[in-house]
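*Asks:* Compute the structure for the input listed below.
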Amino acid sequence: MHEMTTDVAVVGAGPAGLMAAQELALAGWSVHLFDAMPSVGRKFLLAGKGGMNLTHSEPLDRFMQRYGERQAQLAPLLHAFGPDQVRAWAQGLGVETFVGTSGRVFPVDMKAAPLLRAWLHQLRGLGVRFHMRHRWQGWDGQGRWCFASPQGDVALSSHAVVLALGGASWSRLGSDGAWSAPLQQRKIQVQPLRPANCGFDVQSPAAPAQASGWSPHFVQAHAGQPFKSVALHFVDRQGRRFARKGEFVATGTGVEGSLIYAVSELLRDDIEATGRATFMLDLLPDWTAERVAAAVAHPRGSRSLSSHLKSRLGLEGIKLALLYELLNKEQMHDALILAQSIKALPLTVVAPRPLDEAISTAGGVDFAALDEQLMLHAMPGVFCAGEMLDWEAPTGGYLLTACMATGVQAGRGAVRWLQQN
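*Replies:* Predicted structure coming up:
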């Protein structure tokens, strides 16, 4: 076994770990950074493939509301390193940003790779040493940090350690949640990891008590197609309300996409409590209920119902197919029920998609186990950051900003610890 001794180590080379390493290196400490993967920031790169959404431009008070029940814990961190600081950090790396029409903030070239390359160049210039393909295994009998590497096992002694090991989604990119077991063995409070920003399986219209998923015909004809310009309304069992216009996609078993991700926390929590959650879908949010009712009731003569709905209301494709999927023949031919369904179509989901398919995870190291500097009460000198902490947020730049903010806080906390000890 190879033995190492360092002043400070960071375990996990995602945005939180890199930010912690940056804070430590800027303070003059020699930082060793360990990661199980062959290269740095894999989830960061994949998330940026469709456009690197760094943060959001909305006012900070509203920005912080996106963190729900963890707003109180994250607010001080976001005041110290929030959306403005993220943009300034990117600019310091030579990457200019802009605000899109949705309020989201992107690099001008929309790419993650140039930003990551500039960041790594800076970190190496500050003396950060990277140890890739080093998977943390827990501790040995002497309390040393143990890593498995291609060159053999490594036993590390370090005065301070920052853990930034991610959640448990997209495990192929390195975040598998395996860190929870050794921490729990040390009596550290870890809340169960659950999917967040995820898709859901729908209740089967044909056999609601036995199965989930669309009918084979609907899957064959419409899986992968988007529902555009719809509105989703949901009130959970605690009275929390969600109402938003947007779009989402039909999958082979249910629904996913931006509008579903935005309400996923409420849907998931209701499913955990009751086994199902039913939201209302407005297929024509720009039409009043009265206008829809009049159009549906308009005489259609010899035209088929489908032709009538297409010509009078513009309903066709996947929206029309969803009506046929969820309503029976009698309901489709009842003008009142059909009009009401177009404006408020109940859609029941019965299970979130598996954790590994989720964009992010909820759960993780409980904030009660940490002090204000994100140091573990049970392990002085050990700090936690990023998605392995017990918080969640919607997509739109909120996830990345909070990961960076917690990385900054943990890094600064480790600096103080090292200076004092």
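*Asks:* okay, CA-based contacts and neighbour counts for the rest of this
*Replies:* OK.
*Asks:* okay, which residue is most central for this protein?
*Replies:* Residue closest to the average C-alpha location in the chain (CA atoms, centre = their mean): residue 360, at 3.2 Å.
*Asks:* pretty sure it is touching residue 169, no?
*Replies:* Yes - the pair residue 360 / residue 169 is scored as a contact, 5.7 Å apart, by CA atoms under 8 Å.
*Asks:* Give the intersection of the neighbour lists for these two.
*Replies:* residue 195 (CA atoms under 8 Å, 6 or more residues apart in numbering).
*Asks:* Could you check how far residue 60 is from residue 104?
*Replies:* Using CA to CA, to the nearest Å, residue 60 is found at 13 Å from residue 104.
*Asks:* More neighbours: these two, which one.
*Replies:* Per other CA atoms under 10 Å, whichever of residue 60 and residue 104 has more neighbours is residue 104, with 19 against 15.
*Asks:* quick one: contacts for that one?
*Replies:* 53-57, 396-397.
*Asks:* how much space is there between it and residue 314?
*Replies:* Using CA to CA, residue 104 is found at 31 Å from residue 314.
*Asks:* same check, this time on residue 342
*Replies:* 12 Å.
*Asks:* Which residue of these two possesses the greater neighbour count?
*Replies:* Using other CA under 10 Å, the more surrounded residue of residue 342 and residue 314 is residue 342, with 25 against 13.
*Asks:* For that one, what is the enclosing helix or strand?
*Replies:* Residue 342 is part of helix 335-343 when elements are defined by DSSP states H and E.
*Asks:* How about residue 233?
*Replies:* Assigned by DSSP H and E, residue 233 falls in strand 226-235.
*Asks:* what's the angle from that strand to helix 335-343?
*Replies:* Using axes from the mean of the first three to the mean of the last three CA atoms, to 10 degrees, the inter-axis angle of strand 226-235 relative to helix 335-343 is 100 degrees.
*Asks:* Keeping just the C-alphas, turn strand 226-235 into PDB.
*Replies:* Taking Å, rounded to 0.1, in the frame of the first residue of the first chain, the C-alpha atoms of strand 226-235 are listed here in PDB:
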ATOM      1  CA  PRO A 226     -43.200  16.700 -27.100                       C
ATOM      2  CA  PHE A 227     -46.300  18.300 -25.600                       C
ATOM      3  CA  LYS A 228     -45.800  22.000 -26.500                       C
ATOM      4  CA  SER A 229     -47.600  25.000 -25.200                       C
ATOM      5  CA  VAL A 230     -49.400  23.300 -22.400                       C
ATOM      6  CA  ALA A 231     -50.000  24.200 -18.800                       C
ATOM      7  CA  LEU A 232     -49.600  22.000 -15.800                       C
ATOM      8  CA  HIS A 233     -51.500  22.500 -12.500                       C
ATOM      9  CA  PHE A 234     -51.000  20.500  -9.300                       C
ATOM     10  CA  VAL A 235     -51.800  20.800  -5.600                       C
END
